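In: could you look at this predicted model? Sequence included:
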Amino acid sequence: MAVFTPVSLAQARAFLLGYDIGRPVSLTAIAEGVENTNYRLDTVRDGVARRFVLTLFEGRTDAASLPFCLGLTAHLAGRGFSCPMPIEDRAGQWLGQLNGRAAAVIEWKTGAWLRTPGEADQAAAGAVLAQLHLAAADFPLRRANPVGPAVWRRLADRCAEGVARASDTDRGLLKQVEAGLARLGDPFTDDLPGGAIHADYFPDNVLFEDGAVSAVIDFYFGCDGAFAYDLAIALSAWGFDAEGRAQPQALAAFQRGYEAVRPLSAVERAALPRLGEAAALRFTATRLHDRIFHDPANLVTPKDPAVFLRRLDHWRAVEPA
């Protein structure tokens, strides 16, 4: 369960006095997610039941980045893109403090993420990612990638420092990450089209309802970046099985859906395998670090870094000579 900071209903009620969203009647922990603490918040206003998400920001989510992240979702929602709108308090602010954490109330979106998306779902998710890129084109705020190449290097170095507590399996993975980082260098030297990106467009951040995408959620890794890198992350998330093996039909469907809305340039298409390598190393490094330094008190099971590292085989095989 992704609850790092417990919140009682009484504490939530005190915090929510600053909001005009009705009387809180229940607060339910949301089990999914690994970065922040999330609760389903049910309220009643004028006899009408309403539902929101109460989020407390933890760990890697830098409070200074939240105006960008929440501002991006508000910008997109204002453009008609389906994502949760942050709720302003009575002072017109999106952020407050609750139990020592920055906290926000977010619009609840209906739908559920798909454990086994079909090709039509893949194509739909790809098209929505392209729509996101187009809708965010005039978003004015800027944020450097919080998990860029310099951070991958630091994570690998810290894993090396903690190697005494690592398993033999994780020591082997660290060697492969080190070799991958040395081979890849800086993958972002090309002047590719870009802007605000999601940077975490995994299936569990895309909700479906009645066979269509109903919402995109969790923009807390959002930043400035190449659109093709965002696509490479998404392909790496949607186009492989649970063991990290490429699923060619899924990869093709997702990219086809994306390009039906925003066709790639020849330069972007050529860069995609290298950016896929970058995505594989980025998520392997964070997952490896989280597993080596896992705190058993946190009720979150670290994700297996090995299955993401296996994606390198695919991306290297399709990279232009």
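Out: Thanks, I have the structure now.
In: buried ones in stretch 153-172?
Out: Burial within stretch 153-172, assessed by neighbour count using 16 or more other Cβ atoms under 10 Å, is assigned to 155-156, 159, 166, 170. Any C-beta I mention is one placed from the backbone N, CA and C, and that applies to glycine too.
In: oh, that last question was meant for stretch 257-265, not what I typed.
Out: Neighbour-count burial for stretch 257-265, with 16+ other Cβ under 10 Å as criterion, is recorded at 257-259, 262, 264.
In: go on, stretch 85-105?
Out: Buried, per 16+ other Cβ under 10 Å, within stretch 85-105: 86-89, 94-96, 98, 101-105.
In: out of the buried residues of stretch 257-265, which one sits closest to Phe139?
Out: Of all these, Phe139 sits closest to Arg262, with 15.9 Å by Cβ to Cβ.
In: what about Pro193, how many neighbours?
Out: 14 (other Cβ atoms under 10 Å).
In: I'd say it and Glu268 touch.
Out: Yes: counting by Cβ atoms under 8 Å, Glu268 is a contact partner of Pro193 at 6.9 Å.
In: which neighbours do these two have in common?
Out: Taking Cβ atoms under 8 Å, 6 or more residues apart in numbering as the contact rule, Pro193 and Glu268 both touch 226-228.
In: picking up where we left off before, please identify which pair of the buried residues of stretch 85-105 lies farthest apart.
Out: Pairwise distances across the buried residues of stretch 85-105 peak at 18.7 Å for Glu88 and Arg101 (criterion: Cβ to Cβ).
In: in contact with Phe308, which residues?
Out: 236, 244, 280, 283-284, 287 are the contacts of Phe308 under Cβ under 8 Å, 6+ apart.
In: in a markdown table: those residues, plus distance to Phe15.
Out: Shown next, in a markdown table, are those (distance: Cβ to Cβ, whole Å):
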| residue | distance to Phe15 |
| --- | --- |
| Ser236 | 37 |
| Gly244 | 41 |
| Ala280 | 40 |
| Phe283 | 33 |
| Thr284 | 37 |
| Arg287 | 32 |
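In: before we move on, which element is the closest residue to Trp238 other than its chain neighbours in?
Out: Once flanking residues are discounted, Trp238 sits nearest to Phe254: 5.1 Å by Cβ to Cβ, 6 or more residues apart in numbering. Assigning secondary structure by DSSP states H and E places Phe254 in helix 248-261.
In: how near is the residue lying closest to Gly244 once chain neighbours are set aside to Ala280?
Out: Sequence neighbours aside, Arg310 is the residue nearest to Gly244 in space, at 3.1 Å (criterion: Cβ to Cβ, 6+ apart). Distance of Arg310 to Ala280, computed by Cβ to Cβ, to the nearest Å: 8 Å.
In: with Ala237 instead?
Out: Taking Cβ to Cβ as the measure, Ala237 and Ala280 are separated by 11 Å.
In: pLDDT of stretch 22-34, averaged?
Out: The predicted model assigns stretch 22-34 a mean pLDDT of 87.
In: same check on stretch 169-184?
Out: Mean per-residue pLDDT for stretch 169-184: 96.
In: how about it: buried residues?
Out: Quick answer for stretch 169-184 (16+ other Cβ under 10 Å): 170, 173-174, 176-177, 180-181, 184.
In: one more: stretch 301-321?
Out: Those would be 302, 304-312, 314-315, for stretch 301-321 by 16+ other Cβ under 10 Å.
In: wait, which of those residues is closest to Phe188?
Out: Trp315 (15.4 Å).
In: what number of residues lie near the residue nearest to Trp238?
Out: Counted with other Cβ under 10 Å, Phe254 comes out at 27.
In: do I have it right that it meets Leu235?
Out: Yes: between Phe254 and Leu235 there is a contact at 5.9 Å, judged by Cβ under 8 Å.
In: where do the helices of the stretch 51-200 of the chain begin and end?
Out: With helices called from DSSP state H, counting those that start in this stretch, the stretch 51-200 of the chain shows them at 66-78, 119-135, 149-161, 168-184.
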